[in-house]
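Asker: sequence first, predicted model second:
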Amino acid sequence: QRFWNPVLFLRLLRLVRTLRPDLLVGCMFEGTLYAQLASRITRIPYVHEDHWDPSAPHGFLARWNHRTATRQAKLCITVSKNAARHLQRTFGIPSKKICVIRNPCRVYPAFRRCIRTTSKKQFGLDPRRPVIGTCCRLDDRHKRVSDLIQAAGQTERPLQILIVGDGKDRAALEQLARETCPQHRVLFAGYRTDHRKFLPAMDIFVSVPAYEAMGMAVARSEEHTSELQSRQYLVCRLLL
């Protein structure tokens, strides 16, 4: 909850000295600071995982820590060539210090069109109408599901909106859907541990982060797209 918590850092230091790991990996703002300091004290090599979005509302300390940790790290790991170029141009990190590891996608059996129809019927959806869906935590400050609902409300063609997930803003989003999308069907599936079963029912998967460097929901949905092998299945990010 705070950028610097000495109690947590002392617990981490005690844990590192007990386990004596081969590497320390820092990520997500304060984690990079803790791991960097622990590395200096224990002399254990430090690896910096770059997970940074310049558009996010970071404070001065977070920006300073990111720049310092990136420059002093033994290795910088990124998920794309664009992120690697960002490190080179913004921080002057040499290319030999940057390692690009892409998010993997598995290869699945060929897609059968009946899968989508069956999935829609399973969740009470009309197989003849398109389904736009998303899967995320319903906290509109971080995941702008309200943007998806408002965008759908501007579409005259009857749609079906499938929202998988739960959170503190669910009631407000349900009210917004009733007011904004009277011509569409909006289904809130709630929190599900079997969320992968809902993906085949979606013709379009929409990621709606307010700010996010790399959304795991998109990576997992792209993985499932390989399973479906369907040209009708799209993964997109909604920007309004």
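Answerer: Good, I have the coordinates. Numbers count the residues shown, from 1 in each chain.
Asker: and the strands in the chain?
Answerer: 24-26, 46-49, 75-78, 98-100, 131-135, 160-164, 185-190, 204-207, 234-237 (DSSP state E).
Asker: show me where pLDDT drops low in the chain?
Answerer: For the chain, applying pLDDT under 70 flags the ranges 1-3, 28-29, 50-59, 104-113, 212-240.
Asker: what ranges do the helices span in it?
Answerer: According to DSSP state H, the chain carries its helices in the segments 6-19, 30-42, 60-72, 81-91, 114-122, 145-153, 170-180, 216-228.
Asker: and these as CSV, adding mean neighbour count and distance to residue 139?
Answerer: For glycine as for every other residue, the C-beta is placed from the backbone atoms N, C-alpha and C. As requested, the helices of the chain are arranged in CSV below (neighbours: other CB atoms under 10 Å; distance: least, CB to CB, whole Å):
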stretch, mean neighbour count, distance to residue 139
helix 6-19, 12, 24
helix 30-42, 18, 20
helix 60-72, 16, 20
helix 81-91, 14, 25
helix 114-122, 15, 27
helix 145-153, 20, 9
helix 170-180, 15, 10
helix 216-228, 17, 14
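Asker: quick one, which of the ones you listed gets closest to residue 132.
Answerer: Of all those, it is helix 145-153 that lies closest to residue 132, at 6.6 Å by CB to CB.
Asker: tell me what angle that closest one forms with strand 160-164.
Answerer: 170 degrees (axes from the mean of the first three to the mean of the last three CA atoms, to 10 degrees).
Asker: to residue 39, which of the strands of the chain lies closest?
Answerer: strand 46-49 (3.6 Å).
Asker: each with direction, which strands does that closest one pair with?
Answerer: strand 24-26 (parallel), strand 75-78 (parallel) (DSSP bridges).
Asker: contacts for the last one, please.
Answerer: Residues external to strand 75-78 that are found in contact with it (CB atoms under 8 Å, 6 or more residues apart in numbering): 47-50, 70, 84, 87, 93, 97-101.
Asker: hmm, which of those residues are the buried ones?
Answerer: 47-50, 70, 84, 87, 93, 98 (16 or more other CB atoms under 10 Å).
Asker: now for those: which two are most distant?
Answerer: Within the buried ones among the contacts of strand 75-78, 47 and 84 form the most distant pair, 15.3 Å apart (CB to CB).
Asker: only the buried residues of stretch 126-137, if you could.
Answerer: 131-137.
Asker: return the member of these nearest to residue 202.
Answerer: Of those, the one sitting nearest to residue 202 (CB to CB) turns out to be residue 133, at 3.6 Å.
Asker: pretty sure the closest one sits against residue 164.
Answerer: Yes: at 6.9 Å, residue 133 and residue 164 qualify as touching, with contact defined as CB atoms under 8 Å.
Asker: common neighbours of the two, please.
Answerer: Shared contacts of residue 133 and residue 164, counting by CB under 8 Å, 6+ apart, come down to residue 198.
Asker: sorry, back to before: quick one: closest of the strands paired with strand 46-49 to residue 13.
Answerer: strand 24-26 (10.8 Å).
Asker: returning to that earlier point: going by distance to residue 192, which of the buried residues of stretch 126-137 wins?
Answerer: Among the buried residues of stretch 126-137, and counting by CB to CB, the member closest to residue 192 is residue 135, at 8.4 Å.
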